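# Sequence first, predicted model second:
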There are 2 protein chains.
Amino acid sequence: MNKHEGAVSQLVDLLGRLPGIGRKSAERLAFHLLRVPEDEALALSDAIRRIRSDVRYCSMCFNLCEQELCSICRDDSRDQSRLCIVEQPRDLMSLEQSKAYNGLYHVLLGRIAPLDGIGPDQLTIDALVDRVREGNFSEVIMATNPTVEGDGTALYISNQLSEYPVQMTRLARGITAGSVLEYANREMIADALSGRQKL
Amino acid sequence: MNKHEGAVSQLVDLLGRLPGIGRKSAERLAFHLLRVPEDEALALSDAIRRIRSDVRYCSMCFNLCEQELCSICRDDSRDQSRLCIVEQPRDLMSLEQSKAYNGLYHVLLGRIAPLDGIGPDQLTIDALVDRVREGNFSEVIMATNPTVEGDGTALYISNQLSEYPVQMTRLARGITAGSVLEYANREMIADALSGRQKL
């Protein structure tokens, strides 16, 4: 419990439940929201409400959107022959921000995680298989996270798609730009060596 | 600008303006708010709205409250002979959380800061002088922050109150509990030496 009165106390409690926001930060945020111009605080309140009322999943790729199809699926100028598979909308966003990819996406909305009770049925894999079967994709790029579960999910999906005539690729792994070898971990070095490229 | 669509983009922008929340954190928070049960997200939206509509300053001490007087000023069991002066409601809260003080408070709502254009008139010093003149306080404790501006504010106020028969004190300064001398800075050591106490 905290020493604030009603409304302040409640806001501090709710802010403190957000990920990465501890009790001190929650207090600081609450006092900030008390101090800013009223319309700025109300704009945040409305934006939270709107994100729940207006945002849905794209019926094609399961990215977040506010219409039937998301802006990427609606964009005819994008490369319709490439499909990139990601776990979450925020992964899609990271890829978009890199501006290194101009194809389409498919968002799984998770990864296969038996320990968390998440099987293939809870993801959008059926819709993905339908898209690949009916689409004209020449390449499917696996961009699941480089974790045990992400790799497992990619493997499962590549098996599901093996009967279709598409090239399957996955994101390159190796040392990261700007890093130093001295601090790279063993997996990173192993990935970099096994995937070494001609100069 | 970010790559999100309408509502998500707007929420990320607004969250990113909060103190201590960068762009990545704002995205993470927005996705969190998309994922949690709807009533949890709406509760946060409502709490932000309520903090602006329901919260006001206590007419006595300028602490935050939702009625004419805050819960501390309404509490007859508190020591009515001691008055502790703080800069902000959140300072009051820190003192309350320590449970080491049971008197009343006066919140200045800032500190004298000539460089920021904040003079004594913009604080609640007039109301403070009235309270001390009319009240029966035996002690006034300065708990402004241990900064140049906080100290200056305390000095100004102690001059204003010098004609009234109250004892003026300020918070002790010295080494902090749990710290090590090796890492204490010069000011801390100087404070600790000049304020040394009998064993």
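Sure, I can see it. Residues are numbered from 1 along each chain as shown, chains lettered A, B, ... in the order given.
# Neighbouring strands - and their directions - for the biggest strand by length in chain A?
When chain A is scanned for its longest strand (criterion: DSSP state E), the result is strand A:79-86. Sheet pairing of strand A:79-86 (DSSP bridges) gives strand A:103-107 (parallel), strand A:139-142 (parallel).
# Can you give the contact residues for that strand?
A:92, A:95, A:101-108, A:128, A:131-132, A:135-144, A:154, A:157, A:166 (CB atoms under 8 Å, 6 or more residues apart in numbering or on different chains). Every C-beta, even on glycine, is put in place using the N, C-alpha and C of the backbone.
# Can you tell me which of the residues you listed are classed as buried?
Buried members of the contacts of strand A:79-86, scored by 16 or more other CB atoms under 10 Å in any protein chain shown, are A:92, A:95, A:101, A:103-108, A:128, A:131-132, A:137, A:140-144, A:154, A:157, A:166.
# Just the residues contacting the helix or strand bottoming out on mean pLDDT in chain A, thanks.
Ranked by mean pLDDT, DSSP states H and E, the weakest helix or strand in chain A is helix A:186-194, scoring a mean of 80. Contact with helix A:186-194 is made by A:R173, A:G174, A:I175, A:T176, A:L181, A:A184, as judged by CB under 8 Å, 6+ apart.
# since we're on A:V86, how many residues are nearby?
Residues within reach of A:V86, counting by other CB atoms under 10 Å in any protein chain shown, total 26.
# confidence score at it?
At A:V86, the model reports a pLDDT of 94.
# Could I get the buried residue list for the longest helix belonging to chain A?
Looking across chain A with DSSP state H, the single longest helix is helix A:38-54. Neighbour counts over helix A:38-54 (16+ other CB under 10 Å) mark A:A41, A:L42, A:A43, A:L44, A:S45, A:D46, A:A47, A:I48, A:R49, A:R50, A:I51, A:R52 as buried.
# okay if I get the residues you listed as TSV plus pLDDT?
Shown next, in TSV, are those (pLDDT from 0 to 100):
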residue	pLDDT
A:A41	94
A:L42	95
A:A43	95
A:L44	95
A:S45	95
A:D46	95
A:A47	94
A:I48	95
A:R49	94
A:R50	92
A:I51	91
A:R52	91
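# Restrict these to those that also contact chain B, please.
Contacts with chain B are made by A:A41, A:L42, A:A43, A:L44, A:S45, A:D46, A:A47, A:I48, A:R49, A:R50, A:I51, A:R52 out of the buried residues of helix A:38-54, judged by CB under 8 Å from any CB of the partner chain.
# in chain A, which segments are predicted with low confidence?
Within chain A, the ranges that satisfy pLDDT under 70 run A:1-5, A:199.
# In it, what residue spans correspond to strands?
Remark: strands assigned in chain A by DSSP E are A:56-57, A:64-65, A:79-86, A:103-107, A:139-142, A:167-170.
# Distance to B:D76 added to those, as a markdown table?
Putting the strands of chain A into a markdown table (distance: least, CB to CB, whole Å) gives the following:
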| stretch | distance to B:D76 |
| --- | --- |
| strand A:56-57 | 55 |
| strand A:64-65 | 54 |
| strand A:79-86 | 61 |
| strand A:103-107 | 60 |
| strand A:139-142 | 69 |
| strand A:167-170 | 70 |
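# So which of those is nearest B:C73?
Comparing the strands of chain A against B:C73 with CB to CB, the closest turns out to be strand A:64-65 (47.7 Å).
# for that closest one, the distance to its chain's centre please.
Relative to the centre of its chain, strand A:64-65 is centred 12 Å away, using CA atoms, centre = their mean, to the nearest Å.
# cool, and stretch A:127-137?
With CA atoms, centre = their mean as the basis, stretch A:127-137 stands 21 Å off its chain's centre.
# Ok, stretch A:100-119 next?
8 Å.
# the domain parsing of chain A - what is it?
A:6-54, A:77-170 (automatic domain parsing).
# any idea how far the residue nearest to A:L171 when sequence neighbours are not counted is from A:V12?
The shortest distance from A:L171 to any non-neighbouring residue, by CB to CB, 6 or more residues apart in numbering or on different chains, is to A:A143 (5.3 Å). Distance of A:A143 to A:V12, computed by CB to CB, to the nearest Å: 38 Å.
# export the strands paired with strand A:79-86 to a markdown table and tack on distance to A:A190?
What follows is these, written out as a markdown table (distance: least, CB to CB, whole Å):
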| stretch | distance to A:A190 |
| --- | --- |
| strand A:103-107 | 29 |
| strand A:139-142 | 19 |
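# Can you give me every residue that contacts A:L69?
The neighbourhood of A:L69, defined by CB under 8 Å, 6+ apart, consists of A:C58, A:S59, A:M60.
# Now A:A47. Nearest residue, chain neighbours left out?
That would be B:L11: by CB to CB, 6+ apart, it lies 4.1 Å from A:A47.
# how about the one you found, what does it touch?
So B:L11 contacts A:L44, A:A47, A:I48, A:R50, A:I51, B:A26, B:A30, B:L33 (CB under 8 Å, 6+ apart).
# coming back round to it: go through the strands paired with strand A:79-86 and name the closest to B:Q67.
Per CB to CB, nearest to B:Q67 of the strands paired with strand A:79-86: strand A:103-107, 49.0 Å.
# what does the closest one contact?
Surrounding strand A:103-107, the residues in contact under the criterion CB under 8 Å, 6+ apart are A:57-58, A:61-63, A:72-73, A:78-89, A:91-92, A:95, A:124, A:127-128, A:131, A:139, A:141.
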